[in-house]
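J.: Quick one, what's the 3D model for this:
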Amino acid sequence: MPSPATSLGFVFLTGNSLVSLHRSRGDTSARIFVVASYASLVMLFRCLRRFEAAPPESAARGRAKAGVWLFTTTLTAMFSWRVAALMPLPAAAGVWLMAGSTVLGGFYALFLLPRGN
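T.: Numbering: from 1, shown residues only. You can find the predicted model right below:
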């Protein structure tokens with residue numbers, strides 16, 4: 001059972017997404033972005049919950065970890081795409097460079113970094 005804070009956060013996320021959908025009437029790409037962002041966040045939270053609940057060193061934990069990385073990468077790419085579109089080329093390149101660094105750093109931290117005892 002999720003905590004009250006988690007439930008409240010989910011209600012806020014859902015309400016905010018519904019308001020965003022309402023405000024983006026007539027803009028199909030904005031509506032798709034809102035729906036995809038919402039779905040990715042929900043899946044990220046689901047994978048995080050599975051990761052926390054799985055026994056250490058289990059296959060389920062590894063699958064959940066892969067899901068966490070996949071959905072954080074998806075969200076990073078989506079938001080970078082939206083932000084970079086509003087920037088001049090040098091700033092957009094900086095946005096993409098930071099996004100790529102974040103994705104690669106996350107991959108390294110989750111999958112390649114040796115675990116301490």
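
J.: only C-alpha atoms for contact and neighbour calcs from this point on.
T.: Noted.

J.: which stretches of this structure form helices?
T.: 4-23, 28-53, 59-84, 89-107 (DSSP state H).

J.: got TSV for those, with mean neighbour count too?
T.: Formatted as TSV, these follow (neighbours: other Cα atoms under 10 Å):
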stretch	mean neighbour count
helix 4-23	13
helix 28-53	16
helix 59-84	17
helix 89-107	15
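
J.: Take those and write them to TSV, including mean pLDDT.
T.: Listed next are those as TSV, based on pLDDT from 0 to 100:
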stretch	mean pLDDT
helix 4-23	93
helix 28-53	95
helix 59-84	96
helix 89-107	97
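
J.: ok, residues contacting stretch 106-113?
T.: When contacts are defined by Cα atoms under 8 Å, 6 or more residues apart in numbering, stretch 106-113 is touched by residues 65, 69.

J.: okay, the helices of the chain in a markdown table with distance to residue 113 next?
T.: Listed next are the helices of the chain as a markdown table, based on distance: least, Cα to Cα, whole Å:
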| stretch | distance to residue 113 |
| --- | --- |
| helix 4-23 | 30 |
| helix 28-53 | 17 |
| helix 59-84 | 13 |
| helix 89-107 | 9 |
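
J.: Against residue 48, how distant is the nearest residue to residue 96 once chain neighbours are set aside?
T.: Excluding its sequence neighbours, the residue lying closest to residue 96 (Cα to Cα, 6 or more residues apart in numbering) is residue 80, at 6.4 Å. Distance of residue 80 to residue 48, given as Cα to Cα, to the nearest Å: 22 Å.

J.: Residue 28 too?
T.: Residue 28 sits 30 Å away from residue 48 when distances are taken as Cα to Cα.

J.: again, but for residue 34
T.: In this view, residue 34 and residue 48 are 21 Å apart by Cα to Cα.

J.: same check, this time on residue 6
T.: 12 Å.

J.: now residue 71
T.: 10 Å.

J.: Residue 4 too?
T.: Plainly put, residue 4 is 17 Å away from residue 48 if you go by Cα to Cα.

J.: Skipping its backbone neighbours, what lies nearest residue 99 in space?
T.: Spatial nearest neighbour of residue 99, excluding adjacent residues (Cα to Cα, 6+ apart): residue 76 at 6.3 Å.
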